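**Q** Sequence first, then the predicted structure, then my questions.
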Amino acid sequence: MRRLLVGALLLASAPVVATAQGAGSASTIVLRLSPSPRALALGAAMAAVADAFAVEFNPAALAIGPAGGRARAGASYQDLPVDVAAGAAVLGFAAPGGAAALSVRFVDYGDVEVVEPTPGLPIGTPTGAIATGGEVTALAGYAFAVGPVRLGVAGRWLRVDVAGLTDDAFAADVGALVAPREWLAIGAAVQNLGPDVEAGRAAPLPTTFRAGARVSRGLGPLDGMLALEGRRREERNGLGVGLEIGAGAPSLRAEARVGYESRGAAGDAYSRLVFGAGIRADRLGLDFAYRALGPLGSTRQFGLSFIF
């Protein structure tokens, strides 16, 4: 059985490490990467955070946020080691009885070297062969309110192409969120409930359970948001923490972010700390995030968002 070297490298930038069976054995990469720089910089602690890409973390979070009933759009691009690239786009809008969103994400492996798994080695032995591949996924979500509780559902299509071997999979997400105060929200979601992907080998989707809270408070001339999240993915428990400090008027606003994300295993190369920033000019936003990847270098993610 062959694996792509890029798989091992990309998994070092996400909170899991690939193994043959059990925890970390899911074949997809795109579902482990943060779709937006804000999410990446907040340690992916997004279960209770309103955001243009909220549908990718908790579909119930579509029903809250400063945009109200206005439509929101976002796009992002991320560069990764060995000339691999990832990107995403999302559109959120009011829908009958609630809110809806459509999201598309991709990972382009580029030209990569094929390796054979080798016992005792984290990557394997290069074969000299070159292969191409990538992944693309589309998600549609809907959220509505039942009293003080917001509920959300989403359906996902995923295609994986590994060295010419392709497979499609379908999955579902469900989520709930309670916002008893404007400054407090508590959310939980279950993601990627679906069958195995079989592009070369049968491997499960990275089923994820996440639960967290968001607290937003004024700090004199500043305002801050603290997001906390616990998650369980592929038989491993994890933690995400994000802090966002902002200043300025609605017409021009700057934000600084720092996040912490626990590693999936002791051998993971990515840094636990992530840094980012954003600037808002009326309804247009520009965001950036940076994470060190140890011996692999680093990854940078850029994003744009717009409130119609």
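**A** Done, it's in.

**Q** where does the stretch 201-308 of the chain dip in pLDDT?
**A** Counting by pLDDT under 70, the stretch 201-308 of the chain contains low-confidence ranges at 201, 264-267.

**Q** The same query, at a cut-off of 90, please.
**A** 201-206, 218-221, 233-236, 249-251, 263-270, 282-283, 294-297, 307-308 (pLDDT under 90).

**Q** so where do the helices sit in the stretch 1-150 of the chain?
**A** Counting by DSSP state H, counting those that start in this stretch, one finds helices in the stretch 1-150 of the chain at the ranges 5-11, 37-41.

**Q** tell me, which strand in this protein spans the most residues?
**A** Longest strand in the chain by number of residues (criterion: DSSP state E): strand 165-181.

**Q** Output that strand in PDB with nothing but the alpha carbons.
**A** C-alpha atoms of strand 165-181 as PDB (Å, rounded to 0.1, in the frame of the first residue of the first chain):
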ATOM      1  CA  LEU A 165      -7.500   6.700  -7.300                       C
ATOM      2  CA  THR A 166     -10.700   8.600  -6.500                       C
ATOM      3  CA  ASP A 167     -13.700   8.100  -4.200                       C
ATOM      4  CA  ASP A 168     -16.700  10.200  -3.100                       C
ATOM      5  CA  ALA A 169     -18.200  10.300   0.400                       C
ATOM      6  CA  PHE A 170     -21.200  12.000   2.000                       C
ATOM      7  CA  ALA A 171     -21.400  13.000   5.600                       C
ATOM      8  CA  ALA A 172     -23.600  15.000   8.000                       C
ATOM      9  CA  ASP A 173     -23.000  17.500  10.800                       C
ATOM     10  CA  VAL A 174     -25.300  18.400  13.600                       C
ATOM     11  CA  GLY A 175     -24.900  21.200  16.200                       C
ATOM     12  CA  ALA A 176     -26.600  23.200  19.000                       C
ATOM     13  CA  LEU A 177     -25.900  26.500  20.500                       C
ATOM     14  CA  VAL A 178     -27.300  28.600  23.400                       C
ATOM     15  CA  ALA A 179     -26.600  32.300  23.800                       C
ATOM     16  CA  PRO A 180     -28.200  33.300  27.200                       C
ATOM     17  CA  ARG A 181     -26.400  36.700  27.000                       C
END
